[in-house]
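Student: no sequence on hand, only this structure:
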């Protein structure tokens, strides 16, 4: 168990910069998830922590020791690979024991630790099998078991669920969450799936184009995205965005002109210098409610209806050709082609400047704020 | 119990005929060019020439082999040298193959692989003459050493065991590198990375992960190289001269110089037994099967 600290970590391949100075603190026992679109550098960052890639610049500290030049073995880290990387010529037992064997652990201790890990992961019956005789989920558990037996300071998971089918993915996700509660170990987990990130993480690190966009708890990211990218990435379906113009700013509130010409007064603190600028207004589908009035009214024709049982998503085309997604109750009988009226409260919206940075929200109603 | 389906069995027969027809060229080749000559070889080796056109069944050719030290000494020496040449080829070829398969990426990989192939665009004879030009008394290396002042007079580097070994390893290299590259190509990089992650170093990862994975390729490369070396005539004769003492040279002498086909056949058969036995032993010791190796 350990603290991990990343200090201005940079990575370049030749002239191509992949990571542009990453700062991050991971506390002992924390479950941290790196999430972002493919190519954002999250896997590279994980491999740097694992010691599989050299660091171009910056420092990596584990328990206040700089480990930049330490081999993977001396870092006290165990990684679970996306492809599981199990050895086909070894049994499950030997696969799990391999790390301990390399560390020259004595036989009795080795056996005890392998069997303990196997029982945590319900692999007791499979110890004599080869990886080729196991299902995808079982292989995944062996890969995790191989990491557990080494009792590492930090566990690293590289998209561990991406090779599993949907049902197994949910099940394994829950098992990983339980495992973390049981082991109370520090875990760094990479995924491109925001649902995995939201459900597993104590702390999410949203990455984009080699930079950290925002670090925070799942609820902080959901309710207070610092950038337009985070706002669009977290939440499903993703946030609606529309371009608006700032017409007036008065301390705690701002007045914006909507695409149709209507104006709305919203609780954001905007510097006077930004008056007249085009900015972006964001509102989540679940905060746009059907058949009501509010600060941000929406009227348009329904193009697509997605019924999920507990809720229904309506894809609405506005008069100005903008499209808005909104969530209606599961029993909604709205049909394609109907014109619907809906609205959202100003307090639920988000406002981003031209560079994609969020303006500070001044009055956040309780139901739209993070619980911390 | 289900009743046999007559249509199915007809289709089955049709399929069998098709397979038989397709296999015909292979079967013809095996029977006419491999099986028949060897049966004949065995029969010729088991007869003794009494007088002109008169032969008797006899083990005399084999007895001659075991009673004449030169013959079986050459036999053992050829086997030992071939095993050594195979081991050296593996030792040199493995890092080369690993570099090509796992370290190089993209275009450079193909170029490097092609470079391994280039020497094989010229015939073995020409390649061996190349070595002779380099190593003979009036050759390039000898001149260079004299020019550099390292030696006083011309140096003869041909006609010794080291030179034979160099020639054999050089000639065999490609046959080791190709199967190794293809087997190492199929090794997932994450398996190697996981090895380091689990606390391995270059030595333990190679021993416990890379080599077990590459075993079929190692076995097939070694079999091919060993058989080629054991049966090589040109390289030992040209680079080793009279002192080469290679068993194929003995066979050649029996057949061509002494026109003693009976002893020549016996020697040929003994060479076949030797190579089969050593390959079998090698597979047993490395716990590989021939089907793994080919597959």
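Tutor: All right, it came through fine. Predicted model only: the values in this text are computed from it and were never measured.
Student: how about residue B:152, nearest residue that isn't a chain neighbour?
Tutor: residue B:146 (7.7 Å; Cβ to Cβ, 6 or more residues apart in numbering or on different chains). For glycine as for every other residue, the C-beta is placed from the backbone atoms N, C-alpha and C.
Student: just checking, the one you found is part of a helix?
Tutor: Yes - per DSSP: H, G, I helix; E, B strand; the rest coil, residue B:146 lies within a helix segment.
Student: that one contacts residue B:138, doesn't it?
Tutor: No - with contact defined as Cβ atoms under 8 Å, residue B:146 and residue B:138 do not form a contacting pair (10.4 Å).
Student: so these two - more neighbours on which side?
Tutor: residue B:146 (14 against 9; other Cβ atoms under 10 Å in any protein chain shown).
Student: circling back to that earlier point, overlap in contacts of residue B:146 and residue B:138?
Tutor: Counting by Cβ atoms under 8 Å, 6 or more residues apart in numbering or on different chains, the shared contacts of residue B:146 and residue B:138 are residue B:154.
Student: just the pLDDT for the residue nearest to residue B:152.
Tutor: With respect to pLDDT, residue B:146 has a value of 89.
Student: how far away is it from residue A:259?
Tutor: 90 Å (Cβ to Cβ, to the nearest Å).
Student: domain ranges for the chain?
Tutor: I'll assume chain A. A:4-225, A:237-362 (automatic domain parsing).
Student: wrong one, I was asking about chain B
Tutor: B:1-45, B:63-294.
Student: which of the ones you listed sits closest to residue A:227?
Tutor: Evaluated over the domains of chain B, closeness to residue A:227 peaks at domain B:63-294, with 32.8 Å, by Cβ to Cβ.
Student: quick one: name the residues of the stretch 51-200 of chain A near chain B.
Tutor: A:51-52, A:71-73, A:77-79, A:81-83, A:85, A:87-89, A:98-99, A:102-103, A:146, A:150 (Cβ under 8 Å from any Cβ of the partner chain).
Student: strands - which of those residues land there?
Tutor: Assigned to strands by DSSP state E, the following of these qualify: A:77, A:78, A:79.
Student: quick check: residues of the stretch 151-295 of chain B near chain A?
Tutor: B:188, B:190-191, B:193-194, B:196-201, B:204, B:208-209, B:212-213.
Student: let's see it at 7 Å
Tutor: The stretch 151-295 of chain B has residues B:188, B:190-191, B:193-194, B:196-200, B:204, B:209, B:212 near chain A, with proximity defined as Cβ under 7 Å from any Cβ of the partner chain.
Student: neighbours around residue 198, how many?
Tutor: Defaulting to chain A. 19.
Student: ah, I was thinking of chain B
Tutor: 28.
Student: which residue is the nearest non-sequential neighbour of residue A:151?
Tutor: residue A:113 (7.6 Å).
Student: so what touches the helix or strand containing residue A:312?
Tutor: Following DSSP states H and E, one finds residue A:312 within strand A:311-318. Defining contact as Cβ atoms under 7 Å, 6 or more residues apart in numbering or on different chains, one finds that strand A:311-318 is touched by A:237, A:285, A:298, A:300-306, A:323-330, A:332, A:334, A:340.
Student: sorry, back to before: turn the ones in strands among the residues of the stretch 51-200 of chain A next to chain B into TSV, columns for distance to residue B:286.
Tutor: TSV is the format used below for those (distance: Cβ to Cβ, whole Å):
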residue	distance to residue B:286
A:77	35
A:78	32
A:79	31
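Student: which one (most neighbours) among the residues you listed?
Tutor: residue A:79 (30 neighbours).
Student: if we can go back for a sec, winner for burial among the domains of chain B?
Tutor: Mean neighbours per residue, mean count of other Cβ atoms under 10 Å in any protein chain shown, is largest over these for domain B:63-294, with a mean of 17.
Student: count of neighbours near residue 50?
Tutor: Because you didn't say which chain, this covers chain A. If we define neighbours as other Cβ under 10 Å, then residue A:50 has 21 of them.
Student: to clarify, I was referring to chain B.
Tutor: Neighbour count for residue B:50, taken as other Cβ under 10 Å: 10.
Student: coming back round to it: partners of the strand holding residue A:312, with directions?
Tutor: strand A:296-307 (antiparallel), strand A:323-329 (antiparallel) (DSSP bridges).
Student: list the buried residues of that strand.
Tutor: A:312, A:313, A:314, A:315, A:316, A:318 (16 or more other Cβ atoms under 10 Å in any protein chain shown).
Student: residue A:196 reaches residue A:173, doesn't it?
Tutor: Yes - assessed by Cβ atoms under 7 Å, residue A:196 is found in contact with residue A:173 at 6.1 Å.
Student: what do the two both touch?
Tutor: residue A:161.
Student: more neighbours: those two, which one.
Tutor: Of the pair residue A:196 and residue A:173, residue A:196 is the one with more neighbours under other Cβ under 10 Å, namely 23 against 19.
Student: how close does the more buried one sit to chain B?
Tutor: 20 Å (Cβ to the nearest Cβ, to the nearest Å).
Student: could you measure from that residue over to residue A:306?
Tutor: 22 Å.
Student: what's the distance between the residue nearest to residue B:152 and residue B:132?
Tutor: 18 Å.
Student: just the element for residue B:167, please.
Tutor: helix B:161-185.
Student: was I right to think residue A:128 contacts residue A:91?
Tutor: Yes - assessed by Cβ under 7 Å, residue A:128 is found in contact with residue A:91 at 5.5 Å.
Student: show me where the stretch 151-300 of chain A has strands.
Tutor: Assigned by DSSP state E, counting those that start in this stretch, the strands in the stretch 151-300 of chain A fall at A:154-158, A:186-191, A:203-208, A:211-216, A:240-250, A:253-257, A:263-266, A:268-269, A:278-283, A:288-290, A:296-307.
Student: no further queries at this time; thank you.
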